[in-house]
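Enquirer: can't give you the sequence, but here's the structure:
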């Protein structure tokens with residue numbers, strides 16, 4: 001089976017048709033004049049694309065192992081609508097989530113999109129099965145995946161297309177160069193990278209303009225501190241995935257518990273507020289399939305940390 005054929009066996013038309021029978025039209029969740037997500041402030045991608053600094057990562061709106069349809073399809077649709085209603089205007093997805101399911105769900109639920117909504121997607125993985133991920137970034141494959149994402153998302157141009165991983169078997173110049181070619185053709189507006197160090201970012205920037213970096217980063221995992229600092233100095237957005245860890249930061253016994261009790265906020269809100277304070281270029285993208293957790297996450301944008309609390313957390317002494 002070729003790499004492209006991993007995606008050819010499922011169009012999920014039955015799935016999306018079922019969703020549309022159970023959800024309301026797009027204009028039934030109007031945004032309030034001042035939405036909670038707006039309180040996080042904005043960051044401008046590439047100098048021309050402003051988004052609120054708390055986004056939504058849609059990966060969890062799939063089946064087990066990030067494979068197939070979500071168990072509760074109508075609830076997944078409602079999560080997307082409620083996120084937009086709360087002012088979230090940056091939704092992160094990927095062709096490999098499902099695969100294909102996630103992008104198609106987003107378009108079926110949210111299209112026609114609000115004018116300020118940015119759908120950021122990614123390419124560079126093939127999915128042999130549940131919980132299995134293999135990088136593949138040959139230029140022809142990346143081009144195919146961009147075309148398929150455009151079709152599934154019902155877009156003429158993708159606002160932010162991110163290289164999901166750097167393929168060690170393909171020259172970086174070929175991977176980023178192909179995305180630059182697609183950008184020049186008008187199919188991609190801006191280019192981002194995922195899970196990269198400062199050295200790789202610098203090399204990629206010699207090939208194309210890089211407006212964002214999406215790395216795993218949270219209160220407990222600060223491996224990419226140097227990347228955050230570099231992005232801040234260069235005005236590059238740092239999209240923090242797994243901003244709550246793999247659930248460990250919001251679990252009983254979390255290192256944040258003492259401070260959360262003193263601050264009278266939830267563990268998730270403290271973790272997200274810390275990220276928003278850590279740097280003005282950080283945009284956390286917490287993902288959830290639970291409506292109450294979604295609201296809790298987004299409302300962290302209206303909170304603030306005192307200098308003393310932030311300093312204590314920054315040192316990891318919560």
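Expert: Nice, I can see it. Here the structure is a predicted model, which means the values were calculated and not measured.
Enquirer: and the residue lying closest to residue 272 once chain neighbours are set aside, what does it touch?
Expert: Counting by CB to CB, 6 or more residues apart in numbering, residue 272 lies nearest to residue 300, which is 4.0 Å off, once chain neighbours are set aside. Every residue, glycine included, has its C-beta placed from N, CA and C. Residue 300 makes contact with 54, 265, 268-270, 272-273, 276, according to CB atoms under 8 Å, 6 or more residues apart in numbering.
Enquirer: Swap in 7 Å and give it another go.
Expert: By CB atoms under 7 Å, 6 or more residues apart in numbering, the contact set of residue 300 is 268-269, 272-273.
Enquirer: So residue 212 belongs to a strand, correct?
Expert: Yes. Under DSSP: H, G, I helix; E, B strand; the rest coil, residue 212 falls within a strand.
Enquirer: Looking at the contacts of residue 300, state which has the most neighbours.
Expert: residue 272 (30 neighbours; other CB atoms under 10 Å).
Enquirer: Against residue 40, how distant is that residue?
Expert: Taking CB to CB, to the nearest Å as the criterion, residue 272 is separated from residue 40 by 9 Å.
Enquirer: Quick check: neighbours shared by the two?
Expert: residue 54.
Enquirer: Stretch 232-240 spans what distance, first to last residue?
Expert: Taking CA to CA, to the nearest Å, the first and last residues of stretch 232-240 lie 13 Å apart.
Enquirer: Now do that stretch: everything it contacts.
Expert: 43, 45, 92, 210-214, 217-218, 227-228, 231, 275, 279, 281-285.
Enquirer: hmm, 8 Å instead?
Expert: With CB under 8 Å, 6+ apart, stretch 232-240 has contacts from 43, 45, 55, 92, 120, 192, 201, 210-218, 227-228, 230-231, 275, 279-285.
Enquirer: Give me the subset of those residues that lies in helices.
Expert: 201, 227-228, 230-231, 275 (DSSP state H).
Enquirer: Most neighbours of all those, which one?
Expert: residue 275 (25 neighbours).
Enquirer: Next up, the contacts around that residue.
Expert: Here residue 275 is in contact with 217-219, 240, 243, 282, 284 (CB under 8 Å, 6+ apart).
Enquirer: Would you point out the most distant pair within the residues you listed?
Expert: 219 and 282 (11.8 Å; CB to CB).
Enquirer: Helices of the stretch 151-300 of the chain, start to end?
Expert: 172-184, 198-205, 225-234, 257-263, 267-278, 291-298 (DSSP state H, counting those that start in this stretch).
Enquirer: okay, those, which one's buried deepest?
Expert: Mean neighbour count, computed with mean count of other CB atoms under 10 Å, is highest for helix 267-278 among the helices of the stretch 151-300 of the chain, reaching a mean of 24.
Enquirer: I'd guessed residue 214 sits against residue 191; true?
Expert: No. Under the criterion of CB atoms under 8 Å, residue 214 makes no contact with residue 191, lying 11.8 Å away.
Enquirer: got a list of what residue 127 touches?
Expert: Counted by CB under 8 Å, 6+ apart, residue 127 has contacts 6, 66-67, 96, 99, 133-134.
Enquirer: what ranges of the stretch 201-318 of the chain fall below the confidence cut-off?
Expert: Low-confidence segments of the stretch 201-318 of the chain, defined by pLDDT under 70: 316-318.
Enquirer: what do you get for the stretch 1-150 of the chain?
Expert: Residues of the stretch 1-150 of the chain meeting the criterion pLDDT under 70: 1-33.
Enquirer: how about residue 190, what does it touch?
Expert: 45-46, 49, 159-161, 183, 209, 211-212.
Enquirer: out of those residues, which are buried?
Expert: Buried residues within the contacts of residue 190, counting neighbours by 16 or more other CB atoms under 10 Å: 45-46, 49, 159-161, 183, 211-212.
Enquirer: Columns distance to residue 128 on top of those, output as TSV?
Expert: Output for these, formatted as TSV (distance: CB to CB, whole Å):
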residue	distance to residue 128
45	32
46	34
49	34
159	29
160	27
161	23
183	29
211	31
212	28
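Enquirer: which among those residues gets closest to residue 247?
Expert: So of those, ranked by how close each gets to residue 247 (CB to CB), first place is residue 212, at 24.8 Å.
Enquirer: Look up how far residue 294 lies from the residue nearest to residue 272.
Expert: 11 Å.
Enquirer: buried set for stretch 237-248?
Expert: 237-245.
Enquirer: Which ones among the residues you listed lie within strands?
Expert: Counted as lying in strands by DSSP state E, out of the buried residues of stretch 237-248, are 237-241, 243-245.
Enquirer: Run a quick check on residue 302 versus residue 35, I expect a contact.
Expert: No. Judged on CB under 8 Å, residue 302 makes no contact with residue 35 at a distance of 10.1 Å.
Enquirer: higher neighbour count, those two?
Expert: Under the criterion of other CB under 10 Å, the comparison of residue 302 against residue 35 puts residue 35 first, with 17 against 14.
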